[in-house]
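> Need a 3D model of the following:
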Amino acid sequence: MSALAIEVSDVRCVFGSQTVLSEVSLRVAAGETVAIVGESGCGKSVTMKVMMQLLRPTSGRLKWFGRDVETLSTVERQQQRLRLGYLFQGAALFDSLTIYENVAFGMRQTGEQDEQNIHNTVLERLDEVGLSSEIVMKRPSEISGGMQKRVGLARALALSPDVMFYDEPTTGLDPVNSRRIDELIHSVQQSRGVTGIIVTHDLRTVQRVADRIVMLYPRQKLPDGVQQIIFDGSLAQLAASSDERVREYIGDELETKTAQEAEVERRQTLLKSA
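So this is what the prediction gives:
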């Protein structure tokens, strides 16, 4: 088995009187792309925030690259956190900064002072996500939503993360831009070996990029002692699942599509867009 990039064990999250996550355990191997799916309110985003330690769980353990996060010193935790990249649902670009300064932001914040290196990295990362250097002096409001998402990805990649977290990466995008973002996620994994963790409602994204799918079910709909992760497996296994809760979520969208067929479709899409 590959080394583990992220591991959560027996995680429980309680907000007031509401239990959102209960005894959730999940391991993500280095280089793997995992899609976390499930209906609204099942705890997908909370799980991602726990994995990034943006949210401390009520109980449970978190490991980054085999190390218990709670045992790390402040300096070590900051260093390890730089190995994690994040693509926000709304891109979350700084409106007052140019595209160039947005992509350079993380590098400057982490102490990079070599302006030539910053310049080269910004242009390389924009090129990697399919954007021209002609947009560098524009503001986020002057480019499309799809382009903003790609700039957000370029900003994250500028720090060369080992793990990328994607929060609803295709929400609000048209089919063309959705495919483009999916292709970029797949390309980043293939070319860099970056581990991907995706929270999404978009089953097309799941089909195009995921090596593995994890489905959560709302805790309040489950009796005590029942696992909150109701599915953990491949696309083909998801399509063939007989669990009524899984079938209700996916409908008939995956019934005729095996993992092999999805991979063929993905490759054809990439060739057409090349």
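> Go ahead and confirm His201 touches Gly41.
No: assessed by C-beta atoms under 8 Å, His201 is found out of contact with Gly41, at 12.0 Å. Any C-beta I mention is one placed from the backbone N, CA and C, and that applies to glycine too.
> Where does the residue nearest to the spatial centre of the chain sit: helix, strand or coil?
What sits nearest the mean C-alpha location of the chain, by C-alpha atoms, centre = their mean, is Tyr166, with 2.4 Å. Taking DSSP: H, G, I helix; E, B strand; the rest coil as the rule, one finds Tyr166 in the strand state.
> Begin at 663 from now on, thanks
I'll keep to 663 as the first residue from here, and by that count the last item is Tyr828.
> Check the gap between it and Val737 for me.
Here Tyr828 is placed at a distance of 28 Å from Val737 (C-beta to C-beta, to the nearest Å).
> pretty sure Ala818 is in a helix, no?
Yes: per three-state DSSP, Ala818 lies within a helix segment.
> Hmm, the residue nearest to the centre of the chain is touching Gly858, no?
Yes: counting by C-beta under 8 Å, Tyr828 touches Gly858, with 6.6 Å between them.
> Now do the shared contacts for the two.
Jointly contacting Tyr828 and Gly858 under the rule C-beta atoms under 8 Å, 6 or more residues apart in numbering are Ile847.
> and Asp894, that's in a strand?
Yes: using three-state DSSP, the assignment for Asp894 is a strand.
> Might you report the residue contacts of it?
688, 874-877.
> Can you tell me which of these are buried?
Buried subset of these (neighbour count, 16 or more other C-beta atoms under 10 Å): 688, 874-877.
> any chance of those residues in CSV, plus secondary structure?
Formatted as CSV, the buried ones among the contacts of Asp894 follow (three-state DSSP):
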residue, secondary structure
Leu688, strand
Arg874, strand
Ile875, strand
Val876, strand
Met877, strand
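> Any stretches of this protein with poor pLDDT?
Of all residues in the chain, those with pLDDT under 70 make up the ranges 663-664, 915-936.
> what helices or strands is the longest helix along the chain leaning on?
In terms of residue count, the longest helix belonging to the chain (DSSP state H) is helix 837-854. Other helices and strands packing on helix 837-854, by 3 or more C-beta pairs under 8 Å, 6 or more residues apart in numbering; DSSP states H and E, are strand 695-699, helix 807-819, strand 825-829, strand 857-861, helix 865-871, helix 921-935.
> Distance to Met769 added to those, as TSV?
Converted to TSV, these look like this (distance: least, C-beta to C-beta, whole Å):
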stretch	distance to Met769
strand 695-699	25
helix 807-819	9
strand 825-829	17
strand 857-861	21
helix 865-871	27
helix 921-935	29
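> Relative to Ile892, which of these is closest?
Taking C-beta to C-beta, strand 695-699 is the member of the helices and strands packed on helix 837-854 nearest to Ile892, at 10.5 Å.
> Identify the residue spatially nearest to Thr695, adjacent ones excluded.
The shortest distance from Thr695 to any non-neighbouring residue, by C-beta to C-beta, 6 or more residues apart in numbering, is to Gly858 (3.8 Å).
> So what pairs up with that neighbour in the strands?
Thr695, Met826 (DSSP bridges).
> measure it to Phe750 for me?
15 Å.
> Looking only at neighbour counts, state which of these two leads.
Ranked by neighbour count (other C-beta atoms under 10 Å), Gly858 and Phe750 place Gly858 first, with 25 against 16.
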